[in-house]
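Enquirer: Sequence below, structure please.
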Amino acid sequence: MTSSGRDNWGSRLGFVLAAAGSAVGLGNLWKFPYITWDNNGGAFVIVYLLAVVIIGLPLMMSEILVGRSTQLSPVPAFTRLGGRRWSGLGWLGVAAGAVIQSYYMVIAGWSLRSFVQCLGWSFKGYASPAEGEFGAFLANGFLQIGLTLLFTLFTAFIVYRGIGGGIEKATKILMPALLIILLYLVCTTLTMEGRNEALVEIFNPDFSELSKEGFLEAMGQAFFSLSLGLGAMVAYGSYMGKKESIFKSALWVVALDTVVALLCCIAMFTIIFSVPGLENRVSGSTIGMLFITLPDLFYTEMPGGFLLGPLFFVLVAFAALSSTISLGEVTTSLLIDQKGWRRSHATITTTSVVFIGSILAALSLGANRLLSSFSIFEGKEGVLSTLDHLAANWMLPTGGFLITLFVGWKLGKKFCLEELGLEKPNWAFTVWLWIVRVVAPAAVLILLINVIMGKDFS
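Expert: Okay, here's the model as predicted:
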């Protein structure tokens with residue numbers, strides 16, 4: 001706790017684990033392996049890694065810099081540094097966080113159901129679910145709302161406890177546990193026959209197999225997987241001490257997020273190459289593969305599946321929870337800084353508002369015809385799909401683009417030098433500033449232009 005009464009991270013490790021937890025989520029556990037598979041591996045991975053270093057790391061440093069320099073959440077932070085005309089950038093981040101949290105809670109709730117289901121199979125024996133069973137589950141509005149509420153309460157409790165006593169303490173448990181389970185999953189899959197093919201597919205690049213669309217997807221995944229453009233890193237950065245290195249902290253976060261993504265890729269590819277006929281079943285639904293196909297494989301094809309099944313969905317739940325608490329902190333910190341509310345009051349208020357959106361998203365999966373048919377974007381039906389498309393394709397890239405302009409041009413060279421603890425520019429600072437001013441905005445602008453032309457990154 002600082003002299004001003006504002007909570008701070010207890011250590012750099014606390015910040016790194018919390019920020020990495022914000023970034024690590026379902027996008028790492030399944031979306032990255034899925035789109036890597038869809039884009040033929042190797043070359044896609046190389047482009048992704050380059051994009052993480054060239055775009056992701058500088059952008060993360062920029063967001064942390066804004067938060068640490070002001071010790072404020074996104075809206076008051078951008079207002080203090082840029083005046084009222086830039087407050088809209090903070091509001092965009094808060095809105096994006098609330099939108100994502102509202103539907104992410106629903107999907108996170110499914111991990112609880114799958115964990116209980118796998119636990120039952122592990123003790124009583126595996127029984128293949130009837131055809132259409134998962135669809136019936138999605139259409140069960142009462143169950144969807146109940147699971148969403150349970151996950152919402154877990155999230156709210158941690159946010160309610162504050163930074164040191166809640167988020168930092170929780171992520172110091174969640175992230176090591178997540179890594180241990182993931183390493184166990186990877187080590188187990190590497191005993192399977194398809195491991196060599198998997199490693200060659202992931203780490204042997206063939207750029208002739210990478211299309212223009214694949215190149216864009218790699219850039220987009222690098223941007224979205226780090227929780228950039230929604231204010232989470234600004235909020236988390238606001239609790240960072242002035243003596244902490246922004247570069248080292250951001251580098252650790254990016255490295256940890258990337259390692260998790262690659263480990264997940266190794267595990268999933270090995271499973272795919274080891275199970276006869278599975279290559280042809282990797283198709284249009286990432287959710288279907290995660291919650292339908294994988295549980296079946298654990299019990300019918302995987303060594304030690306009775307243990308891996310429940311553990312895998314503990315992994316999914318932990319990854320989701322570490323993300324939802326960062327999203328909850330974005331909205332909660334706004335009311336604390338902007339309105340002077342107590343954390344308890346702010347947490348209850350923001351949780352209640354977001355939960356209303358979660359109810360709408362939960363009921364749009366088949367329980368309510370009107371919400372299920374709701375559509376604004378072509379090809380996206382239902383509140384959940386609409387919110388996902390809105391956030392991933394419009395809100396996050398727009399926020400990321402404006403942040404690069406704000407830090408690179410509005411704050412300027414002298415301000416950034418001081419915040420990064422440098423007396424004069426060195427080569428690393430010069431490269432970073434050039435990326436933030438030119439390369440990163442150009443890259444994000446390319447993503448936005450492709451969205452306008454019909455590309456979907458959700």
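Enquirer: C-alpha from now on. contacts and neighbour counts both.
Expert: Will do.
Enquirer: Heading C-terminal from the longest helix along the chain, find the next helix or strand.
Expert: Ranked by residue count, the top helix of the chain under DSSP state H comes out as helix 87-124. Helices and strands here follow DSSP states H and E; after helix 87-124, the next one along the chain is helix 133-138.
Enquirer: Low-confidence ranges, the stretch 251-400 of the chain, go.
Expert: Applying pLDDT under 70 to the predicted model, the residue ranges of the stretch 251-400 of the chain that meet it are 280-286, 288.
Enquirer: Identify each buried residue in the helix or strand hosting Phe44, please.
Expert: Following DSSP H and E, the helix or strand that holds Phe44 is helix 42-51. Along helix 42-51, these residues count as buried under the neighbour rule (16 or more other CA atoms under 10 Å): 42-49, 51.
Enquirer: Just put those residues in JSON lines and tack on pLDDT and distance to Tyr299.
Expert: Shown next, in JSON lines, are the buried residues of helix 42-51 (pLDDT from 0 to 100; distance: CA to CA, whole Å):
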{"residue": "Gly42", "pLDDT": "87", "distance to Tyr299": "30"}
{"residue": "Ala43", "pLDDT": "92", "distance to Tyr299": "33"}
{"residue": "Phe44", "pLDDT": "93", "distance to Tyr299": "31"}
{"residue": "Val45", "pLDDT": "93", "distance to Tyr299": "30"}
{"residue": "Ile46", "pLDDT": "94", "distance to Tyr299": "33"}
{"residue": "Val47", "pLDDT": "93", "distance to Tyr299": "35"}
{"residue": "Tyr48", "pLDDT": "93", "distance to Tyr299": "33"}
{"residue": "Leu49", "pLDDT": "94", "distance to Tyr299": "34"}
{"residue": "Ala51", "pLDDT": "92", "distance to Tyr299": "37"}
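Enquirer: Would you map the helices across the stretch 151-300 of the chain?
Expert: Secondary structure of the stretch 151-300 of the chain (DSSP state H, counting those that start in this stretch): helices located at 169-189, 195-203, 212-224, 232-237, 246-274, 286-288, 294-300.
Enquirer: Determine which stretch of the ones you listed is the most buried.
Expert: Mean neighbours per residue, mean count of other CA atoms under 10 Å, is largest over the helices of the stretch 151-300 of the chain for helix 232-237, with a mean of 31.
Enquirer: residues in contact with that one?
Expert: Defining contact as CA atoms under 8 Å, 6 or more residues apart in numbering, one finds that helix 232-237 is touched by 15, 19, 22, 60, 63-68, 71-74, 93, 97, 227, 326-327, 329-330, 333.
Enquirer: In helices only, show me the residues you listed.
Expert: Per DSSP H, the subset of the contacts of helix 232-237 in helices is 15, 19, 22, 60, 63-68, 74, 93, 97, 326-327, 329-330, 333.
Enquirer: Separate out the buried members of the residues you listed.
Expert: For these, burial is judged from neighbour counts taken by 16+ other CA under 10 Å, and it is met by 15, 19, 22, 60, 63-68, 74, 93, 97, 326-327, 329-330, 333.
Enquirer: OK, contacts around the closest residue to Ala267 other than its chain neighbours?
Expert: Setting aside the residues directly before and after it, Ala267 is nearest to Val186 in space (CA to CA, 6 or more residues apart in numbering), at 5.0 Å. When contacts are counted by CA under 8 Å, 6+ apart, Val186 is found next to 263-264, 266-267.
Enquirer: try 7 Å this time
Expert: By CA atoms under 7 Å, 6 or more residues apart in numbering, the contact set of Val186 is 263, 266-267.
Enquirer: what does Pro295 give?
Expert: Gly309.
Enquirer: do the same with the one 10 residues further on
Expert: Shown in contact with Gly305 (CA under 7 Å, 6+ apart): 298-299.
Enquirer: can you check Thr171 too?
Expert: The neighbourhood of Thr171, defined by CA under 7 Å, 6+ apart, consists of 17-18, 21, 322.
Enquirer: which one of the helices of the stretch 151-300 of the chain lies closest to Leu390?
Expert: Of all these, it is helix 212-224 that lies closest to Leu390, at 13.2 Å by CA to CA.
Enquirer: Off-centre distance for the helix or strand containing Trp434?
Expert: Assigned by DSSP H and E, Trp434 belongs to helix 427-434. Its chain's C-alpha centre and that of helix 427-434 lie 27 Å apart, by CA atoms, centre = their mean, to the nearest Å.
Enquirer: What residues sit buried inside that helix?
Expert: Within helix 427-434, the residues scored as buried using 16+ other CA under 10 Å are 429, 432-433.
Enquirer: now swap in stretch 449-458 and tell me
Expert: Counting neighbours by 16+ other CA under 10 Å, one finds that the buried residues in stretch 449-458 are 450-451, 457-458.
Enquirer: okay, how far is it across that stretch, tip to tip?
Expert: As for stretch 449-458, its first-to-last residue distance stands at 15 Å under the measure CA to CA, to the nearest Å.
Enquirer: and of the contacts of Thr171, the nearest to Ala443?
Expert: Out of the contacts of Thr171, the one with the shortest distance to Ala443 is Gly21. That distance is 25.1 Å, counting by CA to CA.
Enquirer: Determine the number of other residues adjacent to the closest one.
Expert: As a burial measure, the neighbour count of Gly21 was computed by other CA atoms under 10 Å and equals 29.
Enquirer: pLDDT wise, what is it at?
Expert: Per-residue confidence for Gly21 comes out at a pLDDT of 89.
Enquirer: Verify the contact between it and Thr324 for me.
Expert: No: with contacts defined as CA atoms under 7 Å, Gly21 does not count as touching Thr324, sitting 9.2 Å away.
Enquirer: contacts for stretch 158-169?
Expert: Counting contacts by CA under 7 Å, 6+ apart, the residues outside stretch 158-169 that touch it are 7-10, 14, 18, 325, 328-329, 343-344, 347.
Enquirer: switch the cut-off to 6 Å
Expert: Contact with stretch 158-169 is made by 9, 14, 344, 347, as judged by CA atoms under 6 Å, 6 or more residues apart in numbering.
Enquirer: quick one: the first one from Ile158, how far?
Expert: Shown here: Trp9 relative to Ile158, a distance of 15 Å by CA to CA.
Enquirer: The nearest residue to Glu301 once chain neighbours are set aside - how many residues pack around it?
Expert: Excluding its sequence neighbours, the residue lying closest to Glu301 (CA to CA, 6+ apart) is Val275, at 7.0 Å. Using other CA under 10 Å, the number of residues around Val275 comes to 16.
Enquirer: Starting from Thr188, give me the distance back to Val275.
Expert: The spacing between Val275 and Thr188, counted by CA to CA, is 14 Å.
Enquirer: Likewise for Gly109?
Expert: 26 Å.
Enquirer: again, but for Ser249
Expert: Using CA to CA, one obtains 31 Å as the distance from Ser249 to Thr188.
Enquirer: do the same with Leu149
Expert: Here the distance between Leu149 and Thr188 works out to 34 Å (CA to CA).
Enquirer: do the same with Ser102
Expert: For Ser102, the distance to Thr188 under the criterion CA to CA works out to 34 Å.
Enquirer: tell me which element the residue lying closest to Cys118 once chain neighbours are set aside is part of?
Expert: Once its chain neighbours are removed from consideration, Cys118 has its nearest residue in Pro310; the separation is 5.2 Å (CA to CA, 6+ apart). With the criterion set as DSSP H and E, the secondary-structure element containing Pro310 is helix 305-339.
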